[in-house]
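Visitor: Quick one, fold the following:
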Amino acid sequence: MHSPDDAEHLKRAAAAAAVEEVRDGMIVGLGTGSTAAHVVQLLGARVAAGLDIAAVATSRATAAAARTAGIRLLVPDERTAIDLCIDGVDEIDPRLRAIKGGGGAMLLEKVVATLARRNIAIADASKQVERLGARAVPVEILPAARGLVARELSRLGGTADLRLRGGDAWVTDAGHHILDARFPDLADPSPLAAALSAIPGALGHGLFLTEIDALYVAGSDGVTRQKRPIDE
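Guide: Residues are numbered from 1 along each chain as shown. This next block holds a predicted model:
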């Protein structure tokens, strides 16, 4: 088990390796969360040294950090593509299928990941798993659809808890709520992802099954890079 300081050191090492892929002229998607925060800091340092890029942020918190770091921001509204997205994960398996959304921004993270020509995941070694499912799958919902979505999640074999912050429902940047859903078996998450996407009022979910192209993971033996398997 890594100490918090060790974990942050590993996150930063993975972020530093991924940031090396950023080149002048790129539009870069910036993820949300503690690991992605290192990307923002490291890119800010490169921008200060002369790197010419623009970025699309996946949350208000990331946008604020990027402005502080001196990174020029674009809104995603009219973008049809961006060059590269770098973000953390909550869990990731050997096929680079991941669960994301611990920071509550998975809906816009998926939009930006889908816009990106290339997606890089960064993580410390504790996020690597043989099978997804130890972490809940976040589902962003319209508040009015909470009962409906919870019922459908139950029909899919899951149990759902409303995510709270300070005793009240967590409110996303877009004004939505989050149900954290747990399922007893995620050996084959693809049918579940399709079923979640089909629920009225479920706006997005944290299963990222095909988006990630490469993973930089930091452990006690350094940073390693893994590509998505060819058959994916």
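
Visitor: Could you report the distance from the spatially most central residue of the chain to residue 50?
Guide: Centroid-nearest residue in the chain, with Cα atoms, centre = their mean: residue 100, separated by 4.5 Å. According to Cβ to Cβ, to the nearest Å, residue 100 stands 32 Å off from residue 50. In short, each C-beta sits where N, CA and C put it, glycine included.

Visitor: same check, this time on residue 38
Guide: 20 Å.

Visitor: Also residue 72?
Guide: The gap separating residue 72 from residue 50 is 13 Å, by Cβ to Cβ.

Visitor: Neighbour count: these two, which is higher?
Guide: Each of residue 72 and residue 50 has its neighbours counted (other Cβ atoms under 10 Å); residue 72 has more, 12 against 7.

Visitor: residue contacts, that one?
Guide: 53-55 (Cβ atoms under 8 Å, 6 or more residues apart in numbering).

Visitor: How is this protein divided into domains?
Guide: 4-129+209-220, 137-206 (automatic domain parsing).

Visitor: now the shortest one, how far from the chain's geometric center?
Guide: On the basis of Cα atoms, centre = their mean, to the nearest Å, domain 137-206 is displaced by 16 Å from the centre of the chain it belongs to.

Visitor: which stretches of the chain form helices?
Guide: Counting by DSSP state H, the chain has helices at residues 4-19, 34-48, 60-68, 106-115, 146-155, 189-197.

Visitor: Out of those, which is closest to residue 173?
Guide: Relative to residue 173, the nearest member of these by Cβ to Cβ is helix 60-68, separated by 5.2 Å.
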